[in-house]
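A.B. asks: How does the following fold in three dimensions:
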Amino acid sequence: MPGQVAVLEPSDTHFYQPLWTLVGGGFKDVDASKRPMADVMPANVDWVKAAAAEFDPDNNKITTADGRSIKYEYLVVATGMQPKWAKVKGLKEALGDGRVVSNMAFKTAPLTFKALQNLKEGRAVFTMPSGIIKCPGAGQKACYISEDYLRRQGRRDKVSVSFCTPAERIFGIPRYAATIESLVEERGINVHLKTELAEVRGASQEAVFNLMGPDCRPTGEQTVMRYNMLHVTPPQGPIDVVAKSPLANAQGYVAIDKETMQHTQFPNVFGIGDCAAVPTSKTAAAAAAEFLVLRDNMDSLMAGGPADVAKYDGYASCPLVTKEGAVMMMEFGYGGKILETFTPFGIDQSKETFPMWLVKAELLPWAYWNMMTRGYVPWGEYKRAKERVAEALAALKPTPA
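C.D. replies: I've put the predicted structure just below:
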């Protein structure tokens with residue numbers, strides 16, 4: 001209600017960022033990923049069109065960039081995270097030069113497909129950074145979509161495709177890693193593990209990589225790769241105002257309990273989404289699942305009850321686009337526990353399937369704009385309902401004598 005709920009948001013435009021992968025592959029127009037912020041802002045809240053400049057949780061206060069002071073009783077922090085382009089030497093200068101591209105921003109995602117269209121021969125290199133990023137499959141999606149495009153255009157035999165990651169394995173969950181490892185072998189994609197982009201030399205079309213040790217730290221050795229197209233997934237991190245605030249942990253993320261979404265020090269503060277310090281993948285699906293938990297726990301707390309009536313299991317989803325018309329719908333929680341939605345309906349989610357392509361390309365964007373931005377998460381509510389029915393049925397079972 002106006003006067004009771006305020007949203008501090010400086011932007012005029014809201015973006016559905018998961019679509020940018022498909023934009024970079026030429027499957028979607030980038031304008032389909034945006035809506036005016038006014039169209040998605042709830043009508044019954046006060047929209048404070050300003051950025052936060054300082055958090056003062058000891059006094060339940062936020063100071064805005066334009067100098068206003070806002071008091072609160074309860075606070076939800078959902079500030080996301082930001083790309084750190086400058087962490088890779090030469091990247092900002094080379095980005096958008098026709099060869100160096102990235103799907104990780106609205107302005108740069110369309111440039112990926114343009115670079116693909118112009119790539120006739122040579123070497124295409126795709127990179128991933130170390131550390132926490134949003135959409136851990138971003139670099140792989142760009143790689144597989146691009147490789148498939150070159151194959152469909154009859155140019156694959158003239159272009160070498162390489163994927164570089166600082167990780168020790170191409171994907172951390174064995175159920176999905178086995179399929180991915182077979183995929184890259186079958187399609188002749190060169191995978192360079194323990195290799196992280198350190199510098200882009202745009203003028204000479206060279207990418208400099210640090211070789212990483214078992215602790216994912218640079219060994220001091222480097223290797224240089226020539227490229228004709230370089231797709232970069234940049235290093236990322238929390239926004240500065242959060243990272244430097246009393247709300248942050250040592251890594252700069254909002255310090256919350258991983259199950260309740262409640263702050264570990266300030267009980268009237270909650271965190272959600274990419275800015276939250278939860279040990280799971282940063283995805284839209286994770287934020288949606290976190291919302292259901294946060295909503296129930298905040299409702300309980302505001303009514304005078306405990307803030308742990310709901311528990312987040314770390315659910316995240318990575319719809320890994322492997323080619324036109326094919327997606328692996330990878331769903332998992334804390335510790336890599338498999339939490340798949342469609343397996344009961346006869347779909348093997350460890351494989352590439354066309355139905356999951358339809359979910360990624362059509363169903364999820366529609367659900368986001370028409371349901372999630374209105375506070376309804378259909379698959380999450382479905383899972384919660386199943387759990388409650390199972391609990392009720394278990395309670396009805398007679399106790400053994």
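A.B. asks: what's the closest residue to Val88 other than its chain neighbours in contact with, if anything?
C.D. replies: Nearest non-adjacent residue to Val88, counting by CB to CB, 6 or more residues apart in numbering: Leu197, 5.6 Å away. All C-beta spots, glycine's among them, are computed from the backbone N, C-alpha and C. Going by CB atoms under 8 Å, 6 or more residues apart in numbering, Leu197 touches Val88, Leu91, Thr127, Pro129, Cys164, Ala207, Val208, Phe209, Asn210, Val232.
A.B. asks: Ok, Gly188 next?
C.D. replies: Per CB under 8 Å, 6+ apart, neighbours of Gly188: Val161.
A.B. asks: picking up where we left off before, how about the helix or strand containing the residue nearest to Val88 as PDB, C-alpha atoms only?
C.D. replies: Per DSSP states H and E: Leu197 is located in strand 195-201. C-alpha atoms of strand 195-201 as PDB (Å, rounded to 0.1, in the frame of the first residue of the first chain):
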ATOM      1  CA  THR A 195      42.800 -21.000 -17.900                       C
ATOM      2  CA  GLU A 196      41.500 -17.500 -17.200                       C
ATOM      3  CA  LEU A 197      41.500 -14.400 -19.400                       C
ATOM      4  CA  ALA A 198      43.800 -11.700 -18.000                       C
ATOM      5  CA  GLU A 199      44.300  -9.300 -21.000                       C
ATOM      6  CA  VAL A 200      42.900  -8.500 -24.400                       C
ATOM      7  CA  ARG A 201      45.200  -7.000 -27.000                       C
END
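A.B. asks: on that earlier part again, hey, what's the residue nearest to Val88 bridged with?
C.D. replies: Note on Leu197: beta-bridge partners by DSSP bridges are Phe209.
A.B. asks: Also Gln82?
C.D. replies: Residues in a beta bridge with Gln82, per DSSP bridges, are Gly237.
A.B. asks: What's the separation between it and Val7?
C.D. replies: Distance, Gln82 to Val7, using CB to CB, to the nearest Å: 19 Å.
A.B. asks: next one: Leu75
C.D. replies: 12 Å.
A.B. asks: Looking at those two, which is more packed in?
C.D. replies: Leu75 (19 against 14; other CB atoms under 10 Å).
A.B. asks: Tell me the predicted confidence for the residue nearest to Val88.
C.D. replies: Leu197 carries a pLDDT score of 98 in this model.
A.B. asks: Count the residues that sit near the closest residue to Asp257 other than its chain neighbours.
C.D. replies: Nearest residue to Asp257 in three dimensions, chain neighbours excluded: Thr264, at 5.9 Å (CB to CB, 6+ apart). Thr264 has 16 neighbours, counted by other CB under 10 Å.
A.B. asks: thinking Thr264 is in contact with Ile256, fair?
C.D. replies: Yes - assessed by CB atoms under 8 Å, Thr264 is found in contact with Ile256 at 6.4 Å.
A.B. asks: so where do the strands sit in the stretch 251-400 of the chain?
C.D. replies: 269-271, 316-323, 326-332 (DSSP state E, counting those that start in this stretch).
A.B. asks: hmm, who's touching the last one?
C.D. replies: Put plainly, it is strand 326-332. So strand 326-332 is contacted by 137, 173, 176, 179-180, 281, 285, 314-322, 338-342, 347, 349-354, 356-357, 359-360 (CB under 8 Å, 6+ apart).
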